[in-house]
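> Give the three-dimensional model of this entry:
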Amino acid sequence: MKGSNRALFTCILILGLASFANAQSQVIDKVIGTVGGEYILLSDVLEQKAKLEAQQGTLPENIDCILVEGEISRKLLINQAKLDSLLITEDEIQTQLNTRVDQILTYMNGDEQQFEDYYGQSVSEFKVLFREDIESQMLAERMRGQIALDIKVTPSEVNEFFQGIPDDSLPYFNSEVEIGEIVVSPKVNMEERSKAQEKAKGLLEQIQAGADFADLAKKNSMDGSARIGGDLGWTKRGSFVPEFEASAYNLEEMEISDLVESEFGFHIIQLLERRGNSIHTRHILIKPAITDEDLSKTENELLDIKRMVGLDSLSFSIAVKKYGSDKEQSFNNDGRMMNPQTQNTFFQMNELDPDIFFTIDTMKVGELSNPFQLYNVRGEVQYKIIQLQSRTNPHTANLLQDYSKIQAAASDKKKNEFVNEWVNQTIKNTFIEIKAEYATCPEVQKWVSK
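Sure thing, here's the model as predicted:
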């Protein structure tokens, strides 16, 4: 399986099978256990089983028992997180949702129609459906992190951990690179902004005069919602950019907004329905055009940045903060790109986008590329320069080259041991009930017997 296809497959497993569980729950879902105030649903187990079958094929006979035990542990963490009043903010949930959906859209070349064809839902609808799962995952991870917050590993513990790995079990690392980036989006010139504003204003006047909103959206809106009349589906607060949201939440049902300007362009918004903190909206988006002159100006700006960094009059890190787009994940990591598959900063060469692969292929460590053009997941043009920050040759793991990775593995092992001790103590004081069909599992009996 090629690298990009494998990454897409992984993303689909992460997100797509959640919709499988939700769809199946309408028919076969039932409570199979209780942990404190949390319920274990049969769909929780089926979802995990489907993922493993897709990844591994044949599964052990006792897989259901193993998965129920895992769900007990996860629900115990979630239950304690709620008792300890650990909170996940709406912004955090939406950021995580956006990141995961953007991963899939990246491998679908930003094609929201392909996303909708695969999942049977728009991106907005999918985010609403998947929101609760994301919040539960984040609560469990936050509780786990809270339990092991003060756990550290010393250099001697890292060395002891490494020495305990049999020679024939040491991992082999392919060539890996770390890459920094400065990403800049072309700025819209005032003439094109005025043209877009006038076009949007004309559409608003047509709607106010009685024209059909959905029909105008299909013909004019410059985003993926155009094909369904601008319909954005049901969304919760925090799903849209602030300007859009501020206007949408102040509308009465069926009311139409004035022009709303955001980073994407000019919106005309209609609130269709409201249910508590959720709203159902549609819009028309008119984007100002980016001219060749705007593109050239952005490219020249990045050439100037490259020149300043190359002359040591500006550090790469400061250049990121001063000139880079704060919408990029790398912005808050001194420009260093994060590998979405491993959640660290190292990339094997076959994991890189082809544009980046061929750009760094002949670069030396510390060197900066010339600006090149790319498109983000929304299909918007951007420019970036990249810096090759490190490169390793293929090798068997060793402390000299791979200390940070070995340290992370040693730290994870120590934290897991500490969390397991916490679990064994906490289950003694937590109400746990498992339905009869799973209560006889050897893996589960140790939980309910306490």
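> So which residues make contact with stretch 118-127?
Stretch 118-127 has contacts (C-beta atoms under 8 Å, 6 or more residues apart in numbering) with 12, 15-16, 19, 94, 97-98, 101, 105, 112, 115-116, 129, 224-225, 228, 231-235, 239. All C-beta spots, glycine's among them, are computed from the backbone N, C-alpha and C.
> could you redo the last one with a cut-off of 6 Å?
Residues from elsewhere that reach stretch 118-127, judged by C-beta atoms under 6 Å, 6 or more residues apart in numbering: 19, 97, 101, 112, 116, 232-233, 235.
> cool, stretch 141-148 as well?
So stretch 141-148 is contacted by 77, 80-81, 86, 415, 418-419, 422 (C-beta under 6 Å, 6+ apart).
> Can you mark which positions in that stretch are buried?
Buried residues in stretch 141-148, counting neighbours by 16 or more other C-beta atoms under 10 Å, are found at 142-144, 147-148.
> One more: stretch 204-223?
204, 206-207, 213-214, 216-218, 220-223.
> Over to stretch 157-164?
158-159, 161-162.
> Can you tell me the SS state at the nearest residue to residue 326 once chain neighbours are set aside?
Counting by C-beta to C-beta, 6 or more residues apart in numbering, residue 326 lies nearest to residue 332, which is 8.0 Å off, once chain neighbours are set aside. Assigned by DSSP: H, G, I helix; E, B strand; the rest coil, the conformation of residue 332 is helix.
> sec struct for the residue nearest the centre of the chain, please.
Nearest to the mean C-alpha position of the chain, counting by C-alpha atoms, centre = their mean, stands residue 99 at 2.1 Å. Under three-state DSSP, residue 99 falls in the helix class.
> cool, the one 10 residues further on as well?
State at residue 109, reduced to three classes by three-state DSSP: coil.
> how about the buried residues of stretch 157-164, which pair is most distant?
Using C-beta to C-beta, the buried residues of stretch 157-164 span at most 7.2 Å, a distance reached by 159 and 161.
> in the protein, which spans are strands?
31-35, 38-41, 172-173, 176-184, 231-236, 260-262, 265-275, 278-286, 347-348, 372-375, 381-391, 395-396, 432-434 (DSSP state E).
> which of the buried residues of stretch 141-148 lies closest to residue 254?
Distances from residue 254 to those, taken by C-beta to C-beta, are shortest for residue 142, at 40.0 Å.
> Can you tell me how far the closest one is from residue 80?
Between residue 142 and residue 80 the distance, using C-beta to C-beta, to the nearest Å, works out to 11 Å.
> How about residue 344?
Relative to residue 80, and taking C-beta to C-beta, residue 344 is found at 28 Å.
> and if you look at residue 349?
With C-beta to C-beta as the criterion, residue 349 and residue 80 are 42 Å apart.
> if we can go back for a sec, in helices, which of the contacts of stretch 141-148 appear?
Using DSSP state H, the members of those that fall within helices are 77, 80-81, 415, 418-419, 422.
> From those residues, list just the buried residues.
77, 80-81, 415, 419, 422.
> would TSV of those with distance to residue 125 and pLDDT be doable?
Below are those laid out as TSV (distance: C-beta to C-beta, whole Å; pLDDT from 0 to 100):
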residue	distance to residue 125	pLDDT
77	29	93
80	32	93
81	28	92
415	37	94
419	35	92
422	38	92
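> closest to residue 440 among those residues?
Among these, and counting by C-beta to C-beta, the member closest to residue 440 is residue 77, at 24.5 Å.
> residues touching the closest one, list them.
140, 143-144.
> Among these, name the ones in helices.
Filtering the contacts of residue 77 for helices - DSSP H - leaves 140, 143-144.
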